[in-house]
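> I would like the atomic coordinates for the input below:
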Amino acid sequence: MSERPHILVVDDDSRICQLVSRYLMAQSFIVITAGDAQQAREAMKRFVFDALIVDVMMPGQTGLEFTRDLRKSSRIPVI
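This is a model prediction of the structure:
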């Protein structure tokens, strides 16, 4: 098991996901990306994350709605 923190980046803009991911990986984080709230939920079923970075404006469910729903069952830090 890795001691490095696991971060989930959720953003519908792939360029932003790539930019944030590259920066975090250079800082020794393990990063997984998701393009929307549904993909984020799927990733959270398979992996344990230490924190999430979530875009506010996404198609379907916004980042705020996703975070509100997440708070019903989790206290994972969200930026």
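
> following the longest helix along the chain, which helix or strand comes up?
Counting residues, the longest helix found in the chain (DSSP state H) is helix 14-26. Per DSSP states H and E, the first helix or strand lying C-terminal to helix 14-26 is strand 30-34.

> in contact with residue 10, which residues?
33-37, 39-40, 52-55, 58, 63, 66 (CB atoms under 8 Å, 6 or more residues apart in numbering). To be clear about C-beta, it is placed using only N, CA and C from the backbone, and glycine gets the same treatment.

> tell me the contacts of residue 40?
8, 10, 34, 52, 54, 66.

> meant to ask about residue 30
Going by CB under 8 Å, 6+ apart, residue 30 touches 2, 4, 5, 6, 7.

> residues in contact with residue 62?
Applying CB under 8 Å, 6+ apart, the residues near residue 62 are 37, 56.

> how close does it sit to residue 28?
Distance of residue 62 to residue 28, computed by CB to CB, to the nearest Å: 30 Å.

> try residue 72
Counting by CB to CB, the separation of residue 72 from residue 28 is 31 Å.

> for these two, indicate the residue with more neighbours.
residue 28 (10 against 6; other CB atoms under 10 Å).

> now the closest residue to that one other than its chain neighbours: which helix or strand?
Leaving aside its chain neighbours, residue 28 sits nearest to residue 4 (5.5 Å; criterion: CB to CB, 6 or more residues apart in numbering). Using DSSP H and E, residue 4 falls within no helix or strand.
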